[in-house]
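> this one's sequence-less:
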């Protein structure tokens with residue numbers, strides 16, 4: 001009989017400093033990133049993805065990831081993580097003080113060719129070797145599968161294909177598998193089905209979810225994932241983020257909204273929603289626009305005597 005995955009506390013991984021900022025044309029300075037990081041830290045985020053080790057010519061917003069990691073240093077109560085996609089990224093990660101990395105590929109062949117300029121099978125083969133290399137160097141690895149719940153170019157993605165890719169990544173040593181709804185095509189039903197399948201076949205591997213709110217189901221899918229046993233979710237302050245290779249892809253589930261949802265049903269997040277809103281305010285001032293998260297508006301609302 002297979003051993004059930006032990007229940008663990010809820011973890012919300014904050015991705016605004018990587019996924020949220022990477023598409024923004026207005027560059028954040030190193031000092032501004034440090035200020036944003038400190039705001040997130042004070043809010044109680046226990047895992048923060050601070051950037052990615054990618055080509056700065058392609059993603060200039062991430063050019064100072066190495067400096068940022070050195071500037072903030074190791075944290076006692078929060079885990080710092082970053083994204084790597086190739087051997088050069090791994091080398092840079094190893095030269096830094098970071099101990100946890102994320103890496104991902106798409107299970108959609110069309111999306112993979114647009115995003116990584118290679119087939120899904122080629123990308124997966126390369127990534128499994130990269131996972132092995134990272135683990136052999138002492139890094140903790142989270143492996144991700146993009147477009148796991150559907151592709152705007154190919155339609156539905158077979159659950160069997162997602163499972164096979166997850167098994168290869170787990171076989172390479174990944175301790176956590178991140179299922180990404182990159183296109184926002186997931187529903188609560190498909191979330192429950194996929195999570196149940198992966199949990200059954202890989203009972204010792206942690207599952208996390210990366211959800212996009214493209215079709216307005218981000219929060220519903222997050223709660224469905226929680227009910228199915230997931231305890232790690234990616235979030236993004238203000239609801240920033242998206243994918244340049246997916247038409248219409250909206251941002252991630254806003255951190256402040258996720259915190260409110262879980263706390264409202266009695267699930268302790270350890271995160272101060274008002275502090276998260278301070279980070280959102282900082283972002284809105286810098287970007288000079290309102291972000292889609294709802295709790296900032298709710299907490300700032302002052303009813304008139306006639307309401």
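Thanks, I have the structure now. If you're wondering where the values come from, they're calculated on a predicted model, not measured in any experiment.

> tell me which element residue 12 is part of?
Per DSSP states H and E, residue 12 falls inside strand 11-14.

> so which elements touch the helix or strand following that strand?
Once the chain leaves strand 11-14, the next helix or strand it forms, by DSSP H and E, is helix 30-43. Packing contacts for helix 30-43, counted by 3 or more CB pairs under 8 Å, 6 or more residues apart in numbering; DSSP states H and E, involve strand 47-53, helix 65-72, helix 273-287. The C-beta positions use only the backbone N, C-alpha and C, and glycine is treated the same way.

> wait, which of these is closest to residue 102?
strand 47-53 (6.7 Å; CB to CB).

> give me the contact list for the closest one.
For strand 47-53, the surrounding residues in contact (CB atoms under 8 Å, 6 or more residues apart in numbering) are 11-15, 17-19, 22, 33, 37, 40-41, 59, 62, 64-66, 68-69, 72, 78-85, 88-90, 92-93, 100, 102, 234.

> put the buried members of those residues into a PyMOL selection.
To isolate the buried members of those in PyMOL, using 16 or more other CB atoms under 10 Å:
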select buried, resi 11+12+13+14+15+17+18+19+22+33+37+40+41+59+62+64+65+66+68+69+72+78+79+80+81+82+83+84+85+89+90+92+93+100+102+234
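
> is the spatially most central residue of the chain in a helix, a strand, or coil?
With distances taken as CA atoms, centre = their mean, residue 234 lies nearest the centre of the chain, 3.9 Å away. Look at residue 234: counting by DSSP: H, G, I helix; E, B strand; the rest coil, its state is strand.

> for stretch 186-200, give the mean pLDDT please.
For stretch 186-200, the mean per-residue pLDDT is 98.

> what's next to it, contact-wise?
By CB under 8 Å, 6+ apart, stretch 186-200 touches 2, 5, 148-150, 159, 162-163, 166, 177, 179, 181, 205, 207, 209, 211, 217, 220-221, 223-225, 227-230.

> filter these to the buried ones?
Buried members of those, counted by 16+ other CB under 10 Å: 5, 148-150, 159, 162-163, 166, 177, 179, 181, 205, 207, 209, 211, 217, 220-221, 223-225, 228, 230.

> and these, which of them are in strands?
Counting by DSSP state E, the part of the buried ones among the contacts of stretch 186-200 found in strands is 177, 179, 181, 207, 209, 211.

> residue contacts, the residue lying closest to residue 238 once chain neighbours are set aside?
Spatial nearest neighbour of residue 238, chain neighbours left out: residue 291 (3.3 Å); criterion: CB to CB, 6 or more residues apart in numbering. Contacts of residue 291 were listed using CB under 8 Å, 6+ apart, and they are 237, 238, 239, 240, 251, 254, 280, 283, 284.

> same deal with residue 141?
100, 101, 102, 103, 131, 134, 135, 173, 174, 175, 176.

> that one belongs to a strand?
Yes. Under three-state DSSP, residue 141 falls within a strand.

> from residue 283, how far out is it?
29 Å (CB to CB, to the nearest Å).

> with respect to pLDDT, which of the contacts of residue 141 ranks lowest?
residue 175 (93).

> tally of neighbours for that one?
14 (other CB atoms under 10 Å).

> okay if I get the contacts of residue 291 as CSV plus neighbour count and pLDDT?
Listed next are the contacts of residue 291 as CSV, based on neighbours: other CB atoms under 10 Å; pLDDT from 0 to 100:
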residue, neighbour count, pLDDT
237, 31, 97
238, 29, 95
239, 27, 94
240, 25, 93
251, 23, 82
254, 28, 96
280, 25, 96
283, 24, 97
284, 15, 95
